[in-house]
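Participant: fold the following.
(one chain, ligands or ions: 1)
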Amino acid sequence: MQKIIDIISQEVREAFEANGYDGKYGKVTLSNRPDLCEYQCNGALAAAKEYRCAPFMISDKIAESLQGNHMFVSVESVKPGFLNLTLSPHYLAGYLQEMDRDRERLGCEKSENPRTVMIDYGGPNVAKPLHVGHLRSAIIGESIKRLGKFMGHHMIGDVHLGDWGLQMGLIISELKERKPDLVYFDAHYQGAYPVEPPFTIGELEEIYPSASAKSKEDAAFKEDAMQATYELQHGRAGYQALLGHILNVSVNDLKRNYKNLNVSFELWKGESDAQPYIPAMVQKMKDDGFAYLSDGALVVDVKEDTDTKEVPPCMILKSDGASLYNTTDLATIVWRMEDYHPDAIIYVVDKRQELYFTQVFRCARRTGLVGPETELKFLGFGTMNGKDGKPFKTREGGVMRLEYLVSGINEEMYKKITDNHTVDEAEARETAKTVALSAIKYGDLSNQASKDYIFDIDRFTSFEGNTGPYILYTIVRIKSILKKYQAEKTLPEGAGILPARSDSEKALMLEISKFNGVMESAYEEMAPHKVCAYIYDLANAFNHFYHETKIMAEPDPMQQAGYIKLLGLTKKALEICIDILGFEAPERM
Ligand code: ARG
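Facilitator: Below is the predicted model of the structure:
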């Protein structure tokens, strides 16, 4: 369906043309004075310059032409030359009626040019517990992926595990000290390795931090870990078998955690998957003359004439020949291009890595890993801070584990739900989980991703204000009215959306009519916060309407059925949006 604002613009454009003016001046925007009108056109002010006359002479003529137009109840020309537009309730009802016919998408068309988009998000590190820093990447990435899917694009999410480098050697060395008799450490062992892992996830998560701490004090231990890393990366069978166990145990645990967040990935690739692509990639960069030695390290220049601050060369190999985070990201681009030919690769990563990604992207383009037809996009997000304005920590000041954060909020929500009324224990637990997830995700997504924000549990879990629970509460309210109606009656033949009879009803209808436009621009700008802002406005408009309107007591069956239809539309729009944001509504709360 065409966006309502485009249809209105088209109508106004034609009025400009009919009066001999360039149609481009007919562009319409949402009113910034909703107390005066719903839409406005300021084109007469600009046109006056071209046609050398007073702006209101133009706006007067346009208003005159649009009198009696089926789309508007009023078109006013206001000095110095504004056009204030108010939609006809009949026209608006017709537009909503058409939205309602497209049950699943409410008139939001899929993109005419679907793109293949790979989205790199999550980015957890194997054997290290997920912490809140990973939360934002998971929440934002998942939402952008869902938004893209809804708009008809082929979205491929890749978790890009941090499963390469010294952390693996540290775990191996530590394990060797603790359990030296394990067969993995016997260099002469020829047989098959055990299927059962030699540790649980609990042990694994304890092994890494203690190994990491030890390596900072004990040089010999660090040396051993570096040696183990080298041997692992050069094919030592026992270590590779251990790596397999570390990956399995860790990935199972990660999947469980992500499932609790309603986050999933199409690909579970990691840094290690890129390693086989490194030698040929590096060779080609050398052969093509891009990579050169600088102080022993192999680098590619990536600075550009227009740079206002220094962009250092992209380091490809260290002087000892070891590869880096860079090298892995570049080689990852190689397999992504070979296997998926994406039109775009989007990285949802902490914004502190922005300069790093600038280097990687420039290097990938210069060396021809990526052609001009493929977009590389860095979507950097800000820090999640505590109420003190500093990065979110545990009460003891340590790094907060994601699992504890989530279970803490579940508990908080459970208390709220069971506080004032008695509910079935199992249902309350389930509902608490659902509502808590909305609190966390909405609390994050309602901020522009690139900004830092304060993780305020009290505010996020509130049932009032701009929060996830408020949105869910609104949906649950609609569900309960619809249930009540259905229990008593069935929709009469020919029921449909009727022209608004009150201001609050019209305001609700205007909000609903913006649906496809919001979805489109939220995706174009990769901005889930626009979806949040929209459903907040929509929920407010609904609640206002609900408080002013007697729905169940409406005597006219057709009018009542019209309300019910309107409620159904509101509910569907809210549900599509929260699904895109990555949470859902319970039946009751
Ligand atoms: N594992 C990294 C971290 O914890 C994030 C990975 C981001 N993605 C990428 N392709 N580099 O910081």
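Participant: list the contacts of the closest residue to the ligand within the stretch 151-300 of the chain.
Facilitator: Residue of the stretch 151-300 of the chain nearest the ligand, by CB to the nearest ligand atom: G162 (3.6 Å). Any C-beta I mention is one placed from the backbone N, CA and C, and that applies to glycine too. Residues counted as contacts of G162 (CB atoms under 8 Å, 6 or more residues apart in numbering) are 123-126, 128, 270-271.
Participant: redo these as JSON lines? Include pLDDT and distance to the ligand.
Facilitator: Below are the contacts of G162 laid out as JSON lines (pLDDT from 0 to 100; distance: CB to the nearest ligand atom, whole Å):
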{"residue": "G123", "pLDDT": "95", "distance to the ligand": "3"}
{"residue": "P124", "pLDDT": "94", "distance to the ligand": "7"}
{"residue": "N125", "pLDDT": "90", "distance to the ligand": "5"}
{"residue": "V126", "pLDDT": "88", "distance to the ligand": "9"}
{"residue": "K128", "pLDDT": "80", "distance to the ligand": "8"}
{"residue": "G270", "pLDDT": "95", "distance to the ligand": "9"}
{"residue": "E271", "pLDDT": "94", "distance to the ligand": "8"}
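Participant: any chance of those residues in a markdown table, with neighbour count and distance to L369 too?
Facilitator: Shown next, in a markdown table, are the contacts of G162 (neighbours: other CB atoms under 10 Å; distance: CB to CB, whole Å):
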| residue | neighbour count | distance to L369 |
| --- | --- | --- |
| G123 | 21 | 20 |
| P124 | 26 | 25 |
| N125 | 20 | 24 |
| V126 | 24 | 25 |
| K128 | 17 | 29 |
| G270 | 22 | 19 |
| E271 | 22 | 17 |
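Participant: how deep is whatever residue of the stretch 301-450 of the chain ends up closest to the ligand tucked in, by neighbour count?
Facilitator: At 4.5 Å from the ligand, V349 is the closest residue in the stretch 301-450 of the chain, using CB to the nearest ligand atom. Residues near V349, counting by other CB atoms under 10 Å, number 22.
Participant: give the contact list for G321.
Facilitator: Here G321 is in contact with no residue (CB under 8 Å, 6+ apart).
Participant: any idea where the helices of the stretch 301-450 of the chain begin and end?
Facilitator: 325-340, 354-366, 402-419, 425-445 (DSSP state H, counting those that start in this stretch).
Participant: what do you get for the stretch 51-200 of the chain?
Facilitator: Under DSSP H, counting those that start in this stretch, the stretch 51-200 of the chain gives helices at 55-66, 89-101, 132-150, 166-178.
Participant: tell me the most buried of these?
Facilitator: Highest mean neighbour count among these (mean count of other CB atoms under 10 Å): helix 132-150, with a mean of 24.
Participant: angle of it against helix 425-445?
Facilitator: With axes from the mean of the first three to the mean of the last three CA atoms, to 10 degrees applied, the angle from helix 132-150 to helix 425-445 works out at 90 degrees.
Participant: quick check: angle from helix 132-150 to helix 402-419?
Facilitator: 80 degrees.
Participant: mind listing what's buried in stretch 349-356?
Facilitator: Neighbour counts over stretch 349-356 (16 or more other CB atoms under 10 Å) mark 349, 351, 353 as buried.
Participant: likewise stretch 64-76?
Facilitator: 65-66, 69, 71-72, 75-76.
Participant: can you put these in a markdown table and add pLDDT and distance to the ligand?
Facilitator: Listed next are the buried residues of stretch 64-76 as a markdown table, based on pLDDT from 0 to 100; distance: CB to the nearest ligand atom, whole Å:
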| residue | pLDDT | distance to the ligand |
| --- | --- | --- |
| S65 | 97 | 56 |
| L66 | 97 | 53 |
| N69 | 96 | 53 |
| M71 | 97 | 48 |
| F72 | 98 | 51 |
| V75 | 97 | 52 |
| E76 | 97 | 53 |
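Participant: who in this protein is up against the ligand?
Facilitator: 120, 123, 125, 160, 162, 329, 347, 349 (CB under 6 Å from any ligand atom).
Participant: so how far is L254 from the residue lying closest to the third one once chain neighbours are set aside?
Facilitator: Nearest residue to N125, sequence neighbours excluded (CB to CB, 6 or more residues apart in numbering): G162, at 3.5 Å. When CB to CB, to the nearest Å is the yardstick, G162 and L254 sit 11 Å from each other.
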